[in-house]
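*Asks:* model this:
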Amino acid sequence: MARFDPSSLAGVVAGACEDVRVRLYRDEAVVVRQHKLGEADRIVTLLTRQHGLVRAVAKGVRRTKSRFGARLEPFAYVDVQLHPGRTLDTITQVHTMEAFAADIVDDYGRYTTACAVLETAERLAGEERAPAPKLHALTASALRAIAAKQHPHELILDAYLLRAMGFAGWAPALDECARCATPGPHRAFHVAAGGAVCVHCRPPGAATPAPGVLDLLIALLKGEWAYIETVPDNLRRQASGLVAAHLQWHLERQLRTLPLIERSRPALAANGSVAL
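*Replies:* Have a look, this model is predicted:
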């Protein structure tokens, strides 16, 4: 009979542990949304720093004794460890880095604005596991600003949408003609044309925002908050309408959360113009 060699068993165990260590991965993430799975689990959508959009199973989090169920609520910024799976990864550890929900969910305006941020982030992140570090950082910063009431929440959203569209390659032309690149300022704006248009390129149905609206959009893109907060409400509303129309034109569908934002938005016409 062959003798048992303890060293061989130790080698097998060490190899298995090394395989687990290799397969597990860790990342920072914004919790985008979650939905029920079975009787006790949830599927959690995460926008991670290094791995882009990740959907993972959080097992047992709907049980009252769950160790990390509350840490995976939307708006949370977490450090999470995951185990890759064939279709869905599995969350094995989670640590709260910043909890924005407490300062967001108690105010309807901030809550709906933050929901619009998360919905936009998920739509613009692209394919699952496609790294989107700039979008991840921008989304976390927007939630942080909304929770801290750093600026009016609707302006934070507009600034976020403009910059997020820039990362996706959809930024509207603001200081030059979208068609011929003639330097501005220009008065007309047409979503289907790509933004501001000169008098020679202006298509039928183009909107003519009030003076100062395109300047506000440029300031939002650059983060010039000292100027932004001096702009009258009527110009802010027009700027918000242009931003929303431009985003939804490229997404080819309306975001569910935008109509809930507490402000008046101009309607997007069928030809891509904006009714101001």
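*Asks:* Tell me where the protein has helices.
*Replies:* For the chain, helices defined by DSSP state H occupy the ranges 6-23, 101-104, 108-124, 133-148, 153-168, 213-222, 225-228, 233-251.
*Asks:* Adding distance to residue 50, mean neighbour count and mean pLDDT, write those helices out as CSV.
*Replies:* For every residue, glycine as well, the C-beta is placed using N, CA and C. What follows is the helices of the chain, written out as CSV (distance: least, C-beta to C-beta, whole Å; neighbours: other C-beta atoms under 10 Å; pLDDT from 0 to 100):
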stretch, distance to residue 50, mean neighbour count, mean pLDDT
helix 6-23, 16, 9, 52
helix 101-104, 24, 17, 93
helix 108-124, 16, 21, 96
helix 133-148, 7, 20, 97
helix 153-168, 16, 22, 96
helix 213-222, 26, 22, 97
helix 225-228, 30, 14, 96
helix 233-251, 25, 21, 95
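*Asks:* Please render those as JSON lines that adds distance to residue 94 to the earlier fields.
*Replies:* Output for these, formatted as JSON lines (distance: least, C-beta to C-beta, whole Å):
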{"stretch": "helix 6-23", "distance to residue 94": "18"}
{"stretch": "helix 101-104", "distance to residue 94": "14"}
{"stretch": "helix 108-124", "distance to residue 94": "18"}
{"stretch": "helix 133-148", "distance to residue 94": "16"}
{"stretch": "helix 153-168", "distance to residue 94": "25"}
{"stretch": "helix 213-222", "distance to residue 94": "34"}
{"stretch": "helix 225-228", "distance to residue 94": "33"}
{"stretch": "helix 233-251", "distance to residue 94": "30"}
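*Asks:* Of all those, which one is nearest residue 62?
*Replies:* helix 101-104 (17.2 Å; C-beta to C-beta).
*Asks:* what's the distance between the closest one and the middle of its chain?
*Replies:* 17 Å (C-alpha atoms, centre = their mean, to the nearest Å).
*Asks:* Mind giving me the packing neighbours of it?
*Replies:* helix 108-124, helix 133-148 (3 or more C-beta pairs under 8 Å, 6 or more residues apart in numbering; DSSP states H and E).
*Asks:* pull the CA atoms of the longest one into PDB?
*Replies:* Okay, so that is helix 108-124. What follows is helix 108-124 as a C-alpha-only set of coordinates in PDB (Å, rounded to 0.1, in the frame of the first residue of the first chain):
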ATOM      1  CA  TYR A 108     -37.800  64.700  -3.300                       C
ATOM      2  CA  GLY A 109     -35.800  67.100  -5.500                       C
ATOM      3  CA  ARG A 110     -32.400  65.700  -4.600                       C
ATOM      4  CA  TYR A 111     -33.800  62.100  -4.800                       C
ATOM      5  CA  THR A 112     -35.200  62.400  -8.300                       C
ATOM      6  CA  THR A 113     -32.100  64.300  -9.500                       C
ATOM      7  CA  ALA A 114     -29.800  61.600  -8.100                       C
ATOM      8  CA  CYS A 115     -31.900  58.900  -9.700                       C
ATOM      9  CA  ALA A 116     -31.500  60.700 -13.000                       C
ATOM     10  CA  VAL A 117     -27.700  60.700 -12.500                       C
ATOM     11  CA  LEU A 118     -27.700  56.900 -11.900                       C
ATOM     12  CA  GLU A 119     -30.000  56.100 -14.800                       C
ATOM     13  CA  THR A 120     -27.800  58.200 -17.100                       C
ATOM     14  CA  ALA A 121     -24.600  56.600 -15.800                       C
ATOM     15  CA  GLU A 122     -26.000  53.100 -16.500                       C
ATOM     16  CA  ARG A 123     -27.100  54.100 -20.000                       C
ATOM     17  CA  LEU A 124     -23.800  55.800 -20.900                       C
END
